[in-house]
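>>> A predicted structure for the sequence below; I have some questions about it.
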Amino acid sequence: MTEKDELLALPGASPTSKGTRLGELEGTIAEEDGYTAESEAGTLPRASASPWRSTPA
């Protein structure tokens, strides 16, 4: 969401140009379930040791 934050912080950009791009970004975030992805990630099972590590976690 860095681009969204940068757009919101721009003092000189016109509201129309900001609004158009913000709308595009919101659409992408919604399509990718960006607002729920972080909370859903907490429900994923975690392995106690990674198969790529040479020592246990």
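Perfect, thanks for sending it.
>>> give me the helix or strand of the chain that scores worst on average pLDDT.
With mean pLDDT, DSSP states H and E as the measure, the helix or strand of the chain carrying the lowest mean pLDDT is helix 34-41 (a mean of 71).
>>> before we move on, what SS does residue 43 have?
Here residue 43 is recorded as coil under DSSP: H, G, I helix; E, B strand; the rest coil.
>>> and it, how many neighbours does it have?
6 (other CB atoms under 10 Å). Backbone N, C-alpha and C define where each C-beta goes, glycine included.
>>> could you do residue 10 as well?
So residue 10, with other CB under 10 Å, has 10 neighbours.
>>> distance of it relative to residue 32?
Per CB to CB, to the nearest Å, residue 10 is found 24 Å from residue 32.
>>> and the closest residue to residue 33 other than its chain neighbours, how many neighbours does it have?
Closest residue to residue 33 apart from its sequence neighbours, by CB to CB, 6 or more residues apart in numbering: residue 40 at 7.7 Å. Residue 40 has 9 neighbouring residues, counting by other CB under 10 Å.
>>> then residue 5?
Counted by other CB under 10 Å, the residues lying close to residue 5 total 8.
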